[in-house]
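Student: using only what follows, build the 3D model:
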Amino acid sequence: MKRWLLMLSGLLLHFNLQAQYKVEEAPEWSARFIRNNGWFGGDGIYSIPFNGVENRRSDSLLFIFSDSMIGTIENDSLQPGSRMIHNSVAIWNGKEMKFYWPENESHEAVSVFEPSTPLTAQNDYYWLGDGFVNQEQDNALYIFGYRIHNVSQEAFGFREVGNTLIKISRGTAPPFTRYEQKDTPFFFTDTDGQIGSFGAGIYVNTRKAGAPAPDGYVYIYGVHGMGKGLVVARVKPAEFDHFEQWRFYDGTAWVKEMNKVADVTDKVSNELSVSPLPDGTYALIFQEGGLGTSIGMRVGTTPVGPFGPVIRLWDCSKDAEEKTYVMYNAKAHPGISAPGELLISYNVNSVEFFNDLQKHPHLYRPRFLRLKLTH
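Tutor: Sure thing, here's the model as predicted:
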């Protein structure tokens with residue numbers, strides 16, 4: 001009965017919220033990623049406040065990216081010598097963005113994070129999941145690393161093969177040449193034989209993180225399968241890297257066994273966000289179905305739902321300069337959002353990436369929207 005009432009409450013909130021928001025482009029943020037030298041493109045953008053306060057604007061944030069392009073664009077033309085690396089970082093100081101990546105002995109750009117855990121195989125590389133600054137562990141920075149392995153030369157010729165946790169000690173300067181990493185048990189195969197992984201989003205529901213209704217837990221969101229089912233785990237921040245302390249939501253209770261985790265909703269994307277709203281609810285922001293032109297929001301009464309129907313916030317169709325373009329991985333960034341709004345990013349890519357990059361060298365960068373709550 002209690003869960004039914006929560007679902008009914010969520011539906012009412014859904015219909016009320018539709019009259020209480022508007023969405024518009026945030027061109028000043030999109031423009032910050034139109035660059036002609038050094039970093040000029042990337043995906044997988046997450047933002048992490050260095051002070052660990054997740055739910056208000058900050059003037060000191062780390063941005064992390066997965067595949068990133070380094071090179072030069074002149075007169076809207078990509079110059080020879082550009083290079084893709086598998087991850088990069090940037091720091092926002094409230095006024096400007098500075099990008100970082102290491103170089104090898106030949107002064108070529110290389111990835112910030114490279115897998116070297118016991119389960120790492122030759123030629124594995126990292127895409128990055130969400131992260132946070134853990135105030136209960138000396139402000140260490142934790143980031144999920146997905147081990148990826150290429151299996152073909154096709155547009156989607158890769159597969160995820162493992163889940164790791166990267167730890168960076170407080171005060172370490174970018175590009176983070178020193179960090180710890182270890183394999184986690186949070187890469188799994190679901191009942192349909194499809195893979196899943198935790199780290200798609202993190203919500204730090206603690207007083208120190210500025211959560212409006214803190215319960216002392218870090219919530220970690222995972223995505224699995226072609227249906228993009230959303231699953232949730234939680235743990236106290238002081239025990240974040242003690243994996244046996246993690247608990248998984250089975251639909252009614254928190255249990256030790258990861259294989260009992262239950263979907264709380266579906267049709268999300270492999271990167272997403274959960275953020276508190278001023279009325280006490282929670283906004284789940286995602287690209288509907290993983291890839292597509294629709295940015296969706298579901299509203300929940302708690303960090304694990306129940307989540308209401310999809311509210312379609314934005315149609316990204318106008319970004320498709322070519323039919324080969326794809327849009328994906330929408331998420332909110334409270335750390336750069338003004339009170340009463342959420343800045344939302346989404347990525348643009350192409351299934352004929354290098355061909356389209358020659359024609360449109362600025363295609364591969366995040367775009368930003370502003371969700372304004374009007375009540």
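
Student: and the helices in the protein, which stretches?
Tutor: Assigned by DSSP state H, the helices in the chain fall at 2-17, 27-31, 353-359.

Student: worst average pLDDT in the ones you listed?
Tutor: For the helices of the chain, mean pLDDT drops lowest on helix 2-17, to a mean of 47.

Student: spatially nearest residue to the residue nearest to the spatial centre of the chain (excluding sequence neighbours)?
Tutor: Centroid-nearest residue in the chain, with C-alpha atoms, centre = their mean: Glu271, separated by 4.2 Å. Counting by C-beta to C-beta, 6 or more residues apart in numbering, Asn329 is the residue found nearest to Glu271 once chain neighbours are left out, at 3.8 Å. Any C-beta I mention is one placed from the backbone N, CA and C, and that applies to glycine too.

Student: for the one you found, grab the count of nearby residues.
Tutor: 23 (other C-beta atoms under 10 Å).

Student: again with Phe198
Tutor: Counted with other C-beta under 10 Å, Phe198 comes out at 28.

Student: hang on, isn't it packed against Tyr219?
Tutor: No. In terms of C-beta atoms under 8 Å, Phe198 does not count as a neighbour of Tyr219; the distance is 10.5 Å.

Student: which neighbours do those two share?
Tutor: Ala233 (C-beta atoms under 8 Å, 6 or more residues apart in numbering).

Student: contacting residues for Gly44?
Tutor: Counting by C-beta under 8 Å, 6+ apart, Gly44 makes contact with 64-67, 87, 127-128, 271, 329, 347.

Student: try Leu313
Tutor: 23, 285, 295-297, 344, 369, 371.

Student: Gln287 is in contact with the residue nearest to Glu271, correct?
Tutor: Yes. At 5.7 Å, Asn329 and Gln287 qualify as touching, with contact defined as C-beta under 8 Å.

Student: intersection of neighbour lists for those two?
Tutor: 269, 346.

Student: can I get the contacts of Leu313 in CSV with distance to Gly225 and neighbour count?
Tutor: Formatted as CSV, the contacts of Leu313 follow (distance: C-beta to C-beta, whole Å; neighbours: other C-beta atoms under 10 Å):
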residue, distance to Gly225, neighbour count
Val23, 29, 18
Ile285, 20, 27
Ile295, 21, 25
Gly296, 17, 22
Met297, 21, 29
Ile344, 24, 28
Leu369, 27, 23
Leu371, 28, 24
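
Student: quick one: which of those sit in strands?
Tutor: 23, 285, 295-297, 344, 369, 371 (DSSP state E).

Student: nearest to Val255 among the residues you listed?
Tutor: For those, the minimum distance to Val255 (C-beta to C-beta) is 27.1 Å, reached by Ile285.

Student: for the ones in strands among the contacts of Leu313, which one is nearest Pro306?
Tutor: Distance to Pro306, by C-beta to C-beta, is smallest for Met297 among these, at 14.5 Å.

Student: and the gap between the nearest residue to that closest one once chain neighbours are set aside and Glu54?
Tutor: In this structure, Met297 finds its nearest non-sequential neighbour in Ile311, 4.6 Å apart by C-beta to C-beta, 6+ apart. Ile311 sits 23 Å away from Glu54, taking C-beta to C-beta, to the nearest Å as the criterion.

Student: neighbour count: those two, which is higher?
Tutor: Neighbour count, other C-beta under 10 Å: between Ile311 and Glu54, Glu54 has more, with 24 against 17.
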